[in-house]
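K.L.:
coords below, sequence missing:
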Ligand SMILES: Cc1cc2nc3c(=O)[nH]c(=O)nc-3n(C[C@H](O)[C@H](O)[C@H](O)COP(=O)(O)O)c2cc1C
Ligand SMILES: Nc1ncnc2c1ncn2[C@@H]1O[C@H](COP(=O)(O)OP(=O)(O)O)[C@@H](O)[C@H]1O
């Protein structure tokens, strides 16, 4: 799968594409419907399919002080788009120039990229001051021979699916709801860092990941599945939080993998949160913590239905 930008432009073989447009952070069921429609149309019309996504998230650009809220990294999104059948991801760098581009000029930009069709959600807005909506996209598109269409919002059990609903569920310690709306568990990807080498002494080595721009789900202990690469996956138990037992408090995601013994430092891994087990606590002694970790591991094995 190719990653394109306004700088690279669109190579000849990907011109005449159907482009799905949106932030697609999380790539939840609603986003999947939009990209799915673009892929179906691409197959039907024998055209390449591009997913256009804005990065950083426009909200991050306009409100730099907001706490982290991202559900997926760009790499995760790229894999999800590829899996959904897209040929390329076009990253629109969301900077002052793009923020100042009005709706008409934005559609002009799409025309320059050789786009033949656009698919968005019904509530898509674009251009300076969010001045353009789906209706205007259809009108402006027509003047460039670009056929724009919208996909209706997806609901689950009569409730609209949205990234904010998923964020609320995760913050409330309800990863199960996030899983249903995303169609897969929320997962944090990162490069394993060195810690204080305390985990091994306790009998629970943990691969440590920084949370960076990811939304912070409720702090606590989770049953997880950890992907080392496309083929290797381990069940485990993870602690997300600041580790109140230890000084200085440091925010980390620490995952202990079951039935694994190896070196993960520097490896890029993905930790999927399946079940919330309990909140973080400060115990009276390390022995009490280890006893609790034994219980947490047994509970994680039970929740993940391991033998
Ligand atoms: C299953 C599990 C449960 C944990 N529970 C707590 C906890 O309740 N409170 C806490 O301060 N740290 C908790 N931790 C974090 C451990 O203290 C941490 O793994 C240990 O400090 C190792 O640090 P290191 O990775 O820097 O060596 C937990 C870790 C795991 C794997
Ligand atoms: N089962 C396992 N789960 C997680 N990490 C493991 C496991 N077995 C070995 N490791 C390795 O041990 C490291 C964690 O050891 P730990 O003692 O917690 O030290 P630190 O926190 O300093 O990294 C991991 O980054 C990984 O390289």
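P.N.:
Done, it's in. Nothing here was measured: the structure is a model prediction, and the numbers come from that model. Ligands and ions are numbered 1, 2, ... in the order given.

K.L.:
got a list of what residue 151 touches?
P.N.:
Contact criterion CB atoms under 8 Å, 6 or more residues apart in numbering gives 33-34, 37, 119-122 as the residues in contact with residue 151. To be clear about C-beta, it is placed using only N, CA and C from the backbone, and glycine gets the same treatment.

K.L.:
from what I can see residue 223 touches residue 306, true?
P.N.:
No. Here residue 223 does not reach residue 306: they are 9.4 Å apart, not a contact under CB atoms under 8 Å.

K.L.:
Which neighbours do those two have in common?
P.N.:
residue 235.

K.L.:
okay, those two: which has more neighbours?
P.N.:
Shown here are residue 223 and residue 306; by other CB atoms under 10 Å, residue 223 has more neighbours (25 against 12).

K.L.:
which SS class is that one?
P.N.:
On the three-state scheme (DSSP: H, G, I helix; E, B strand; the rest coil), residue 223 is labelled strand.

K.L.:
Could you measure from it over to ligand 1?
P.N.:
Using CB to the nearest ligand atom, to the nearest Å, we find residue 223 at a distance of 10 Å from ligand 1.

K.L.:
quick revisit: give the ChimeraX command for selecting the buried subset of the contacts of residue 151.
P.N.:
Selecting in ChimeraX just the buried members of the contacts of residue 151, where the criterion is 16 or more other CB atoms under 10 Å, is done with this command:
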select :33,34,37,119,120,121
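
K.L.:
Mind checking which of the contacts of residue 151 land in strands?
P.N.:
Among the contacts of residue 151, the members falling in strands are 119-121 (criterion: DSSP state E).

K.L.:
show me which of those residues neighbour ligand 1.
P.N.:
When CB under 6 Å from any ligand atom is applied, no member of the ones in strands among the contacts of residue 151 is adjacent to ligand 1.

K.L.:
Out of the residues you listed, which comes closest to residue 285?
P.N.:
Nearest to residue 285 out of the ones in strands among the contacts of residue 151 is residue 121 (CB to CB; 53.0 Å).

K.L.:
Write out the residues of the stretch 101-250 of the chain neighbouring ligand 1.
P.N.:
Proximity of the stretch 101-250 of the chain to ligand 1 is assessed by CB under 6 Å from any ligand atom, with 195-199, 204, 206, 208, 221, 237, 239, 243-246 identified as the residues in range.

K.L.:
Please go through these and note which also touch ligand 2.
P.N.:
Answer for those near ligand 2 (CB under 6 Å from any ligand atom): 195-197, 199, 206, 208.

K.L.:
got a pLDDT number for the single nearest residue of the stretch 201-307 of the chain relative to ligand 1?
P.N.:
Per CB to the nearest ligand atom, the residue of the stretch 201-307 of the chain with the smallest distance to ligand 1 is residue 245, at 3.2 Å. Here, the pLDDT recorded for residue 245 equals 86.

K.L.:
List the contacts of it.
P.N.:
Applying CB under 8 Å, 6+ apart as the definition, the contact partners of residue 245 turn out to be 282-283, 286, 289.

K.L.:
Now, the residues you listed that are in helices?
P.N.:
Using DSSP state H, the members of the contacts of residue 245 that fall within helices are 286, 289.

K.L.:
Most neighbours out of the contacts of residue 245, which is it?
P.N.:
Of all these, the highest neighbour tally under other CB under 10 Å goes to residue 289, namely 18 neighbours.

K.L.:
Nearest to the spatial middle of this structure, which residue is it?
P.N.:
Per CA atoms, centre = their mean, the C-alpha nearest to the average position across the chain is that of residue 72, at 1.6 Å.

K.L.:
Does that residue touch residue 79 like I think?
P.N.:
No. In this structure, residue 72 is not within contact of residue 79 by CB under 8 Å, at 9.4 Å.

K.L.:
which other residues reach the helix or strand containing residue 272?
P.N.:
With elements delineated by DSSP states H and E, residue 272 resides in strand 268-278, which encompasses its position. Residues from elsewhere that reach strand 268-278 (CB under 8 Å, 6+ apart): 76, 170, 173-176, 178-179, 184-192, 207, 209, 217-218, 220-228, 237-238, 240, 253, 255, 296, 299-300, 303-304.

K.L.:
One more: stretch 80-89?
P.N.:
Residues contacting stretch 80-89 (CB under 8 Å, 6+ apart): 1-4, 10, 14, 17, 20, 24, 27, 32, 35-36, 38-39, 42-43, 48-53, 72, 77-78.

K.L.:
Span of it from start to end?
P.N.:
Criterion CA to CA, to the nearest Å; first-to-last residue distance in stretch 80-89 is 10 Å.

K.L.:
Appreciated, that's everything.
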